[in-house]
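In: turn this into a model:
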Amino acid sequence: MVHTELGDLTMIADGPALAAVYFPHHWHLPPESDYGDPVSADDEVFAQTARELDEYVAGERREFDVEITTAGDEFSERVWALLREIPYGTTTTYGELARRLGNPRLAQRVGQCVGRNPISVIVPCHRVIGADGSLTGYAGGLDRKRRLLEIEEPPEAAEARLF
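Out: Okay, here's the model as predicted:
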């Protein structure tokens with residue numbers, strides 16, 4: 001566990017690269033045997049990730065520099081690559097991601113890949129919402145998803161919000 005402003009997170013590294021960031025009670029945790037050997041939270045990859053996440057929460061960072069690696073199937077990797085292209089402060093829909101992949105009927109499959117994104121926040125799956133603009137499931141919980149979107153909200157939108 002690594003302490004961050006977003007809470008205590010489970011992080012997994014693969015050599016010098018971050019391979020996973022999981023919130024407590026994350027929906028799709030891998031088996032603990034996949035975690036590898038425990039290391040100190042002071043490990044360089046984990047320390048950099050925690051620092052960058054804290055800067056993000058404080059509004060001081062919009063992009064992450066920590067090296068990442070993922071190990072999904074070809075379709076998942078394509079979806080996760082699209083997630084990394086969603087600009088800070090914007091959202092998109094599962095259907096739009098499916099359209100960008102060439103088949104709008106794949107929205108449900110896209111949603112499954114988004115839900116299994118192993119690198120929360122850094123690969124910004126929180127920026128994907130329902131077609132009607134609603135907040136849809138988030139492996140870290142809807143309250144956390146709402147908070148992440150609020151962090152990225154443009155000041156004028158925050159000022160116009162009634163709640």
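In: quick check: which element contains residue 149?
Out: helix 142-152 (DSSP states H and E).
In: buried residues in that helix?
Out: Across helix 142-152, burial judged by 16 or more other C-beta atoms under 10 Å covers 144-145, 148-149, 151-152. Just so you know, the C-beta spots here come from the backbone N, C-alpha and C atoms, and that holds for glycine as well.
In: what angle do the lengthiest helix in the chain and helix 142-152 make?
Out: Ranked by residue count under DSSP state H, the longest helix found in the chain is helix 44-57. Interaxial angle of helix 44-57 relative to helix 142-152 (axes from the mean of the first three to the mean of the last three C-alpha atoms, to 10 degrees): 70 degrees.
In: gap between helix 44-57 and the chain center?
Out: With C-alpha atoms, centre = their mean, to the nearest Å as the basis, helix 44-57 stands 14 Å off its chain's centre.
In: contacts for the helix or strand just after it, please.
Out: Tracing the chain past helix 44-57, the next element assigned as helix or strand by DSSP H and E is helix 74-85. If you take C-beta atoms under 8 Å, 6 or more residues apart in numbering as the criterion, helix 74-85 is touched by 70, 72, 97, 100-101, 109-110, 113-114, 116-117, 119, 123-125, 127-128.
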